[in-house]
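S.K.: sequence and predicted structure, then a few things I'm wondering about:
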Amino acid sequence: MPLELHEKNGVAYLTSPLLGAVPGIEHAFSTRKGGISPAPHDTLNLGFYSQDWNDNVTANWDRFLAAAGCQWHGVWYQNQCHGVTVREAPEVSGYAVLGEGDALWTREAGVGLAIVTADCVPVLVAAADGRAVAAAHAGWRGMAAGVVEATLADLARGSGAGAGELVVAAGPHIQPCCFEVKDDVAEPFGERFGQDVVRREGGRTTVALGDALRKLLERAGVPSRSIEISSECTACNPQLYFSYRRDNGRERGRLASVIGRAASGEGRNGR
Ligand SMILES: [Zn+2]
């Protein structure tokens, strides 16, 4: 099932029908459309660590969450570093940074978790009964290092939600059409996820991050029917997405993917 594109108050965002069916969960994947930032962050830049004005980024966040109907007390983001550190997210108000790391999980209601990307794979996770959520930043480096498995392990330890009862959706990211790599990426990736995630054609080597993600999730025990991975390419679609690769590493905006238990869910599930 593909992700669905919506537009509200000029803000375009995507949702996963699978995650949408989990009770008491709010989530969304942003696009670049509907914000106030000028070029090169035009317009819905959600990266607090870009060279954009913080006031613009905050206003963009407010617009994005309002359009997507996410009504949390606050949102945690991290100083992402392509590693495997997973943190449990406590209560929050406003937009707040939870140290260095590349994944978050929580059982708290009203707490939004954010992953910020511009080509890497944003992975959103929910227990099928809605009692806990997680989010991970999975580029090729983090995925090869095991950030997704680390996230599922911490979520299971902290909430009791095992892989077999999870729903997982991954947002727009760079696809094989644009993700040409050298052997330093292709070799470790092929070894870890199987040679079919590496394609060598006409002198080009590309890697399918989405296929690798699906494989590792299935290996971990997540049912295939509970996995939804976007086939949208951030690099191919400048109208909708920011892309590190397309912009050749130059300063640009960032996309965000968010998930959390609804604030109205407070008091349920034994809290
Ligand atoms: Zn592409």
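M.R.: That came through fine.
S.K.: for residue 175, what are its contacts?
M.R.: 208, 209, 210, 231, 232, 233, 235, 236 (Cβ atoms under 8 Å, 6 or more residues apart in numbering). To be clear about C-beta, it is placed using only N, CA and C from the backbone, and glycine gets the same treatment.
S.K.: the fifth one against residue 177, yeah?
M.R.: The one in question is residue 232. No - if you go by Cβ atoms under 8 Å, residue 232 and residue 177 don't touch, sitting 11.0 Å apart.
S.K.: after the longest helix along the chain comes which helix or strand?
M.R.: Using DSSP state H to assign secondary structure, the helix with the most residues in the chain is helix 54-68. Scanning forward in sequence from helix 54-68 by DSSP states H and E, the next helix or strand is strand 74-79.
S.K.: pLDDT of whichever helix or strand comes after that following strand, averaged?
M.R.: Sequence-wise, the next helix or strand downstream of strand 74-79 (DSSP H and E) is strand 86-88. Strand 86-88 carries an average pLDDT of 98.
S.K.: sorry, back to before: can you narrow the contacts of residue 175 to ones near the ion?
M.R.: 233, 235, 236 (Cβ under 5 Å from the ion).
S.K.: how much space between the nearest residue to the first one once chain neighbours are set aside and residue 257?
M.R.: Taking Cβ to Cβ, 6 or more residues apart in numbering, and ignoring the residues beside it in sequence, residue 233 has residue 175 as its nearest neighbour in space, at 3.9 Å. As for residue 175, its distance to residue 257 is 16 Å (criterion: Cβ to Cβ, to the nearest Å).
S.K.: next: residue 20.
M.R.: Distance of residue 20 to residue 257, given as Cβ to Cβ: 14 Å.
S.K.: of the two, which one has the most company?
M.R.: residue 257 (29 against 15; other Cβ atoms under 10 Å).
S.K.: let me know the pLDDT of the more buried one.
M.R.: Listed pLDDT for residue 257 reads 98.
S.K.: which strand or helix spans it?
M.R.: Per DSSP H and E: strand 255-261 holds residue 257.
S.K.: got the angle between that strand and strand 74-79?
M.R.: 130 degrees (axes from the mean of the first three to the mean of the last three Cα atoms, to 10 degrees).
S.K.: pretty sure residue 142 sits against residue 84.
M.R.: Yes - distance between residue 142 and residue 84: 6.7 Å, which falls inside the contact criterion (Cβ under 8 Å).
S.K.: list residues touching both of these two?
M.R.: Common neighbours of residue 142 and residue 84 (Cβ under 8 Å, 6+ apart) are residue 102.
S.K.: out of the two, which sits in the busier spot?
M.R.: residue 142 (25 against 19).
S.K.: for the strand or helix carrying that one, name the packing helices and strands.
M.R.: Following DSSP H and E, one finds residue 142 within helix 140-145. Packing contacts for helix 140-145, counted by 3 or more Cβ pairs under 8 Å, 6 or more residues apart in numbering; DSSP states H and E, involve helix 183-193, helix 209-220.
S.K.: direction included, what does the following helix or strand past the last one pair against?
M.R.: Moving toward the C-terminus from helix 209-220, the first helix or strand encountered (DSSP H and E) is strand 227-229. Looking at strand 227-229 with DSSP bridges, its paired strands and their directions are strand 166-170 (parallel).
S.K.: convert the strand holding residue 257 to PDB, retaining C-alpha atoms only.
M.R.: Listed next in PDB are the C-alpha coordinates belonging to strand 255-261 (Å, rounded to 0.1, in the frame of the first residue of the first chain):
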ATOM      1  CA  LEU A 255      12.100  17.000   5.800                       C
ATOM      2  CA  ALA A 256      10.600  15.600   9.100                       C
ATOM      3  CA  SER A 257       8.700  12.500   9.900                       C
ATOM      4  CA  VAL A 258       6.800  12.400  13.100                       C
ATOM      5  CA  ILE A 259       4.900   9.900  15.300                       C
ATOM      6  CA  GLY A 260       3.400  10.000  18.700                       C
ATOM      7  CA  ARG A 261       0.500   8.800  20.900                       C
END
